[in-house]
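>>> have a look at this prediction, sequence included:
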Amino acid sequence: MSLFTENPIIVALDYPNAEQALAFVDQLEPGRCQLKVGKELFTRSGPSIVAALTKRGFKVFLDLKFHDIPNTTAQAVLAAADSGAWMVNVHACGGRPMMEESLARLRGAGHDTLLIAVTVLTSMNEQQLRETGVHATPAEQVMHLAALTEQAGLDGVVCSAQEAIMLREALPRSFQLITPGIRPSFAAKGDQQRVVTPGQALIDGSDYLVIGRPITQAEDPMQALALIEGEIASVRS
Ligand SMILES: O=c1ccn([C@@H]2O[C@H](COP(=O)(O)O)[C@@H](O)[C@H]2O)c(=O)[nH]1
């Protein structure tokens, strides 16, 4: 059996409104990718955007990165799952009790929604991390938070694909690695620091590749998606 997820692309729908997001989505079929709704689109359109996307047959990662006290976070996670999302997330640095409580309330309510935790944002480098008071390298901090997330029983982490080999060696294969900061050779890095190409990310052990602007801001988004699909197919052949 292949270790590769059949359909690893998650397109980040970082659009300012539902109309623009749906105009893009209407050019896609669910077999090609999953979709991610983040803070901008969700804050502007609310849970109805998740319903509209799931009605079209897409699996939706609701990327709201909750970070609060355990009770507040757990209730927010429950609300996110109630929207019909396939995957939801919290910040691992919110701590073990917050992650455990969120998972317990999710499963207690009968949801099988994937719950994952953000380790170190892919936009951060070592210096930026130090400025927040963390005197570890991004890789060390990702390892630490991923281990904590796994001990708390969550389904996986958000990290850079730069950390994928290290995490694959240390954690069970079933623990999902969701990796933003994906940059095909044709795309600008922008505000991302810890970037990896789509093909390399899969070779190194990513389960899902979160890709936004390289597709959505491309002159021809469907051509950009097709190029990325071609790169993925070439590493799998
Ligand atoms: O560490 C993280 C966690 C989340 N993201 C999100 O992924 C996408 C990436 O978009 P690009 O346009 O491909 O940079 C975006 O929605 C972020 O909020 C992340 O980049 N890094």
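Happy to help now that I have it. Numbering: from 1, shown residues only.
>>> longest strand of this structure, counting residues only.
strand 60-66 (DSSP state E).
>>> give me the spatial nearest neighbour of the single nearest residue of the chain relative to the ligand, chain neighbours excluded.
The ligand sits closest to Gly212 of the chain, with a gap of 2.7 Å, by Cβ to the nearest ligand atom. (C-beta placed from N, C-alpha, C; glycine too.) Using Cβ to Cβ, 6 or more residues apart in numbering and skipping residues adjacent in sequence, the residue nearest Gly212 is Ala12, 3.2 Å away.
>>> who's the one you found bridged to?
Beta-bridge partners recorded for Ala12 (DSSP bridges): Lys36.
>>> that one: neighbour count?
21 (other Cβ atoms under 10 Å).
>>> interface residues of this structure facing the ligand?
Within the chain, the residues that sit near the ligand (Cβ under 6 Å from any ligand atom) are 12, 14, 38, 118, 121-123, 158, 180-181, 190, 192, 210-214.
>>> coming back round to it: just checking, the residue of the chain closest to the ligand touches Tyr15?
No - Gly212 lies out of contact with Tyr15 (Cβ atoms under 8 Å); the separation is 9.8 Å.
>>> what about the strands in this protein?
Under DSSP E, the chain gives strands at 9-12, 34-37, 60-66, 87-91, 114-118, 156-158, 176-179, 208-211.
>>> now the lengthiest helix in the chain, how far from the centre of its chain.
Determined from DSSP state H, the single longest helix within the chain is helix 221-236. Relative to the chain's own centre, helix 221-236 is displaced by 19 Å; criterion: Cα atoms, centre = their mean, to the nearest Å.
>>> picking up where we left off before, other SSEs contacting the longest strand of the chain?
Under the contact definition 3 or more Cβ pairs under 8 Å, 6 or more residues apart in numbering; DSSP states H and E, strand 60-66 sits against strand 34-37, helix 39-45, helix 48-55, helix 70-82, strand 87-91.
>>> pLDDT on that strand, on average?
The average pLDDT within strand 60-66 is 98.
>>> CA atoms only: put it into CSV for me.
Only the C-alpha atoms of strand 60-66 are listed here, as CSV (Å, rounded to 0.1, in the frame of the first residue of the first chain):
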residue,chain,number,x,y,z
VAL,A,60,-13.3,21.3,4.5
PHE,A,61,-10.5,22.1,6.9
LEU,A,62,-11.7,24.9,9.1
ASP,A,63,-8.5,26.6,10.0
LEU,A,64,-9.4,28.9,12.9
LYS,A,65,-6.4,27.9,15.1
PHE,A,66,-8.1,28.2,18.5
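>>> list the contacts for the nearest residue to Gln193 once chain neighbours are set aside?
Leaving aside its chain neighbours, Gln193 sits nearest to Asn125 (4.3 Å; criterion: Cβ to Cβ, 6+ apart). Applying Cβ atoms under 8 Å, 6 or more residues apart in numbering to Asn125 gives the contacts 138, 193-194.
>>> over to Pro47?
Going by Cβ under 8 Å, 6+ apart, Pro47 touches 82-84.
>>> could you report the pLDDT at the residue nearest to Ala117 when sequence neighbours are not counted?
Leaving out its chain neighbours, the residue that sits closest to Ala117 by Cβ to Cβ, 6+ apart is Ala92, at 3.8 Å. Turning to Ala92, the model gives it a pLDDT of 99.
>>> that older thread, if I look at the residue of the chain closest to the ligand, how far off is Lys189?
As judged by Cβ to Cβ, to the nearest Å, Gly212 and Lys189 stand 13 Å apart.
>>> can you list the weak-confidence ranges in this protein?
Where the chain drops to pLDDT under 70, the residues are 1-3.
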